[in-house]
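**Q** Would you be able to build a 3D model of this:
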Amino acid sequence: FGVLLRGLAPSVTGDDTGELACAARLLDVTHPPGHGLFCLVGRLFLLLPAGDPAFRVALLTAACGAAAVVLLASSVRTWLGRFGGGGAIGAVLAALAAASLPSFLHLATEGEKYVPHLALALLAVRAYVAGRVSPFPVAAAVGMALAHHPMSLFLLPLLWPWRRALAVPRAAFLAAALLLVPFSVKVVYPPLRAEAAVTDRALFDWGRPRTVRGLARYLAVVQYREVFSFRPGEAAARLAPQLAAYGREIPWPALLAALLGAPLLLRAFPPGGGPLLAVIGLHLAMAATDRANPHLTPLFHVLPQFLI
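**A** Residues are numbered from 1 along each chain as shown. Prediction:
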């Protein structure tokens, strides 16, 4: 956190940093999908007596960046401990691999939403690595990630090892509640703010959806109709720049180690390694449907895939 704090942006830096800082200050909503969780937590950071609002929101991002590195190192240490040793060395190498990525250092020092997305994904991975008995910590972590951004659906394979436990209605109901209660921030918060905006000034025009159903239709039809495409030919074409982004964003020794480590992980521990690799595969497939700006590829897709 100290390293990130030294390079923290003092104010607005571009992209969505100004919008997110204003939304946190006004408890408003941003462009869809709204980033309600980010704005609510960002509002707490705005209470800190330091710098301007954009700087205080950047403190939230830096805290998430430090948490992401700690969660990654802790996950690696716990996982390698099951194979008889090397956990401490592996944790240090994993932390250095994450903290030395230029994209990570850039994004963790400005008030953007990408590093919180990464931290919540690694929180779900940490709960998965630590959990041997109950699926509920994983469900709660995935629910928090979904509350931040719906792209976090790629984390659902982490619940696969507990499929038999979740076949019990009581356990399934509790797991669903842990998933959906945080997600309600995503579903309920924006239309409530849009309703308030009828008599108040709003940051972003959502078309004022008055109900949850209206919001769902707006997101699925009005906003995201031209953002996602499920045509195989288009998806295959979009995978090319994503794979090229790996070459730009990830140093080749780290990328080579990840490519060699994935099959070894699956071979050494198929029940646990399979869902982790399935998470990466699902994330690749979801990213291939995304027709958003190409610069989002390393930010929202490559970093989580590589670190997982």
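
**Q** which residues of the stretch 101-250 of the chain score low on pLDDT?
**A** 132, 186-230 (pLDDT under 70).

**Q** how about stretch 275-290: buried residues?
**A** Buried residues in stretch 275-290, defined by neighbour count with 16 or more other CB atoms under 10 Å: Pro275, Leu276, Leu277, Val279, Ile280, His283, Leu284, Met286, Ala287, Ala288, Asp290. In this view, the C-beta of every residue, glycine as well, is placed from N, C-alpha and C.

**Q** can you check stretch 161-181 too?
**A** Neighbour-count burial for stretch 161-181 flags Pro161, Trp162, Leu166, Ala171, Leu174, Ala175, Leu178, Leu179 (criterion: 16+ other CB under 10 Å).

**Q** same question, stretch 24-41
**A** With the criterion 16+ other CB under 10 Å, stretch 24-41 contains buried residues 24-25, 28-30, 32-39, 41.

**Q** Need the distance between the two termini of it.
**A** 8 Å (CA to CA, to the nearest Å).

**Q** chain center to the helix or strand harbouring Leu243, what's the gap?
**A** When elements are assigned from DSSP states H and E, Leu243 belongs to helix 232-249. With CA atoms, centre = their mean, to the nearest Å as the basis, the distance from the averaged C-alpha position of helix 232-249 to the chain average is 20 Å.

**Q** And stretch 7-27, by the same measure?
**A** The answer for stretch 7-27 is 18 Å, by CA atoms, centre = their mean.

**Q** and if you look at stretch 99-116?
**A** With CA atoms, centre = their mean as the basis, the distance from the averaged C-alpha position of stretch 99-116 to the chain average is 12 Å.

**Q** can you check stretch 95-107 too?
**A** Centroid displacement of stretch 95-107 relative to its chain, using CA atoms, centre = their mean, is 16 Å.

**Q** returning to what we had before: ok, the buried residues of stretch 275-290 vs Leu303, which is closest?
**A** Among the buried residues of stretch 275-290, His283 lies closest to Leu303 (CB to CB), at 10.8 Å.

**Q** which residues does Pro135 contact?
**A** By CB atoms under 8 Å, 6 or more residues apart in numbering, the contact list for Pro135 reads Leu159, Pro161, Trp162, Ala165, Leu166, Ala171, Ala175.

**Q** Return the member of the buried residues of stretch 275-290 nearest to Thr13.
**A** Ranked by distance to Thr13 (CB to CB), the buried residues of stretch 275-290 are led by Asp290 at 23.4 Å.

**Q** Does anything pack onto the helix holding Leu243? Which helices or strands?
**A** Packed against helix 232-249 by the contact rule (3 or more CB pairs under 8 Å, 6 or more residues apart in numbering; DSSP states H and E) you find helix 270-288, helix 303-307.

**Q** and of the buried residues of stretch 24-41, the nearest to Pro271?
**A** Sorting the buried residues of stretch 24-41 by distance to Pro271 puts Leu37 at the head of the list, at 31.6 Å, by CB to CB.

**Q** which one is Leu71 nearest to, not counting chain neighbours?
**A** The spatially closest residue to Leu71, leaving aside those adjacent along the chain, is Leu122, at 4.2 Å (CB to CB, 6 or more residues apart in numbering).

**Q** ah, wrong one, I meant Ala175
**A** Ala175's closest residue in space is Ala139 (CB to CB, 6+ apart), at 4.3 Å.

**Q** before we move on, the earlier item: residues near the residue nearest to Leu71, how many?
**A** 26 (other CB atoms under 10 Å).

**Q** and the helix or strand hosting it, what does it pack onto?
**A** Secondary structure assignment for Leu122, by DSSP H and E: helix 114-130. Contact here means 3+ CB pairs under 8 Å, 6+ apart; on that basis helix 114-130 packs against helix 53-81, helix 102-107, helix 136-148, helix 270-288, helix 303-307.

**Q** Can you list the buried residues in whichever strand or helix holds Leu266?
**A** According to DSSP H and E, Leu266 maps onto helix 252-268. Of the residues in helix 252-268, those scored as buried under the neighbour-count criterion (16+ other CB under 10 Å) are Ala254, Ala258, Leu265.
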